[in-house]
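**Q** Return atomic coordinates for the entry below.
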Amino acid sequence: MREEESYMNGFRQSKIEVAVVGDGASGAILCAQLLRSIRPDEIHVRWLGRSKKFGLGLAYSTSDPDHLLNVPSKGMSAFENDPLHFLNWVQARDKKASPESFLPRQWYGEYLSALVPAGHPSLTVHPDDVMQIQKVSHSYQITTRKNETHPADVVILAIGHCLSKARFGRRPSFPLAEVDGQARILIVGTGLTMVDTVLTLGRAPRQNEIVAISRHGLLPMVHARHDGNPGASHFRKIIHGSKPPTLRQAFAAMRTDCAEAESRGGDWRSVVDDVRPFIPSVWKSFSPADRRQFLRHVVHFWDSHRHRMPPEVAEKIYYLINSGRLKIKKGRFTSLVEEDGSWTVNWRSDTHELRRERFDHVFDCTGLSRDLGATDSPLVRQMLRDGLLVISDPPLGAFPAPEAAGLEVLGHLLRGEYWESTAVPEIRKQAAAIVDRLLKLLN
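**A** Purely as a prediction, here's the structure:
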């Protein structure tokens, strides 16, 4: 929060109105931390979002039992100072769950929904999509799809994915159970979103032939247990030097650490896991040119090593590959045309051969948009237009304008500022920082 003193003087009252916009994991974690930290007479929290089931969002609304968390349970607590909170919650229902377990995502959605107790005296929940947020003197006015208005002294944007329209076919949020079990399917993208889609479409008795194409044809790597040593000693040394590292220097140090780990019988995963907590500060120190260079040449390899599959998921994916039902290919699309209920797809392979194929369905699993300016979100477009948000460089996300005192952002929107800003460890840390700033202002 900026210009704190003058801003707080603008709304001294019996209770401060805090609006949390976004009904997914970011909103749930923020609300849970805030309600844990305040007295009922200090703050009233208004939680707004389009869903009737708050806390699930896009990531955790799945009911497919094959969709697992991509992080062991020990890393999924909503509270920075209580790292086993999620595991303890799970063990109340499943005593066999361990810190290393990869648990169903549906369970995590239930955990998030349970974080914020119904009937809390300081909380009001509004299942209504926010369409507009306007600055009014020292406060804000929120307008919803139902044309209701709500005042707020502090607004916290936790809106998660700001996806643009699917560039290729449909998003995998389409009800996959409605897809014919014999249909030929193209998936654009070969990351974790593709993996989830294939787990659903590849389950017996379905016999779908599935082709997944991406520019590099890289599948996510597989999680494996490691002792955490040796870590990223060269990377740590360079980021703590007298000058911030360039992209080239940072990744050269990381490659050296990986090679040394492997040569000593260790695992490159220990290096990636050791590096991860430093990525936000390193990314922030990169020049815009280095950030763009990363997105052009490095991101595909980083994502395949950073965002890994649980071993039990990888076993199912490789079974489908070995049985011929899933084909992973490298290539670029030249055209996709839908006609009479099917798709004609022209694409160029990595050997520059031009191919034409027909598919019954095309699903866009390319993940998050890298251009927030192309978002379909009316709210984000309005806030950018009115100068409340400033788009980052590159345009991966946005941050509050300096004059937008009382506006906070966490989660996906901060990708442009920190890169690592979409997973629970980063979200809970950002939420804790926002709560801490708000409490300091109160005091």
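**Q** Looking at this structure, which helix is longest?
**A** helix 424-442 (DSSP state H).
**Q** I'd like to know the average pLDDT value across that one.
**A** Helix 424-442 shows a mean pLDDT of 93.
**Q** what's next to that helix, contact-wise?
**A** Helix 424-442 has contacts (C-beta atoms under 8 Å, 6 or more residues apart in numbering) with 1, 4, 8, 16, 18, 25-26, 29-30, 33-34, 37-38, 42-43, 71, 75-81, 154, 156, 277, 280, 408, 410-411, 414, 418, 420-421. To be clear about C-beta, it is placed using only N, CA and C from the backbone, and glycine gets the same treatment.
**Q** in its sheet, what does whichever strand in the chain runs longest sit against?
**A** The residue-count maximum for a strand in the chain (DSSP state E) belongs to strand 326-339. Strand 326-339 sits in its sheet next to strand 209-214 (parallel), strand 342-349 (antiparallel), going by DSSP bridges.
**Q** Could you give the average pLDDT over it?
**A** Strand 326-339 shows a mean pLDDT of 95.
**Q** What residues sit buried inside that strand?
**A** 326, 328, 330-331, 333, 336 (16 or more other C-beta atoms under 10 Å).
**Q** and if you look at stretch 420-429?
**A** Per 16+ other C-beta under 10 Å, stretch 420-429 contains these buried residues: 420-428.
**Q** Could you single out the nearest of these to F251?
**A** Relative to F251, the closest of those is E420; by C-beta to C-beta it sits at 15.0 Å.
**Q** Just list the residues touching that closest one, thanks.
**A** So E420 contacts 276, 279-280, 283, 426 (C-beta under 8 Å, 6+ apart).
**Q** let's see 6 Å
**A** When contacts are counted by C-beta atoms under 6 Å, 6 or more residues apart in numbering, E420 touches 279-280, 426.
**Q** Switch these over to JSON lines; also include distance to P127.
**A** Formatted as JSON lines, the contacts of E420 follow (distance: C-beta to C-beta, whole Å):
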{"residue": "I279", "distance to P127": "35"}
{"residue": "P280", "distance to P127": "32"}
{"residue": "E426", "distance to P127": "27"}
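**Q** Closest one to T246 out of the residues you listed, please.
**A** Out of the contacts of E420, the member with the shortest distance to T246 (by C-beta to C-beta) is I279, at 14.9 Å.
**Q** Which of the residues in stretch 264-272 are classified as buried?
**A** Buried-residue list, stretch 264-272, by 16+ other C-beta under 10 Å: 266-272.
**Q** Next, check those residues against the helices and list the overlap.
**A** Here DSSP H is the test, and the buried residues of stretch 264-272 give 268-272 as lying in helices.
**Q** Format those as TSV; extra columns: distance to D196 and pLDDT.
**A** Shown next, in TSV, are these (distance: C-beta to C-beta, whole Å; pLDDT from 0 to 100):
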residue	distance to D196	pLDDT
W268	25	93
R269	21	93
S270	26	91
V271	27	93
V272	22	94
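**Q** can you list those residues in CSV and add distance to R145?
**A** CSV is the format used below for these (distance: C-beta to C-beta, whole Å):
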residue, distance to R145
W268, 47
R269, 44
S270, 47
V271, 46
V272, 41
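**Q** what ranges of the stretch 301-443 of the chain fall below the confidence cut-off?
**A** Within the stretch 301-443 of the chain, not a single segment meets pLDDT under 70.
**Q** The same query, at a cut-off of 90, please.
**A** 340-341, 367-370, 373-376, 440-443 (pLDDT under 90).
**Q** the strands in the stretch 101-250 of the chain, which residues?
**A** With strands called from DSSP state E, counting those that start in this stretch, the stretch 101-250 of the chain shows them at 123-127, 130-136, 139-144, 149-152, 154-157, 184-188, 209-214.
**Q** Worst mean pLDDT among those strands?
**A** Per-stretch mean pLDDT for the strands of the stretch 101-250 of the chain is lowest at strand 123-127 (a mean of 93).
**Q** Report the angle between that strand and strand 139-144.
**A** Per axes from the mean of the first three to the mean of the last three C-alpha atoms, to 10 degrees, the angle that strand 123-127 makes with strand 139-144 is 40 degrees.
**Q** Counting by contacts, list what strand 123-127 packs against.
**A** Other elements packing on strand 123-127 under the criterion 3 or more C-beta pairs under 6 Å, 6 or more residues apart in numbering; DSSP states H and E are strand 43-49.
**Q** quick one: average confidence on the strand it packs on?
**A** 94.
**Q** Direction included, what does that strand pair up with?
**A** strand 16-21 (parallel), strand 123-127 (parallel).
**Q** contacts for that strand?
**A** Residues from elsewhere that reach strand 43-49 (C-beta under 6 Å, 6+ apart): 15-23, 31, 122-126, 130, 150.
**Q** so what's W419 closest to, chain neighbours aside?
**A** W283 (4.0 Å; C-beta to C-beta, 6 or more residues apart in numbering).
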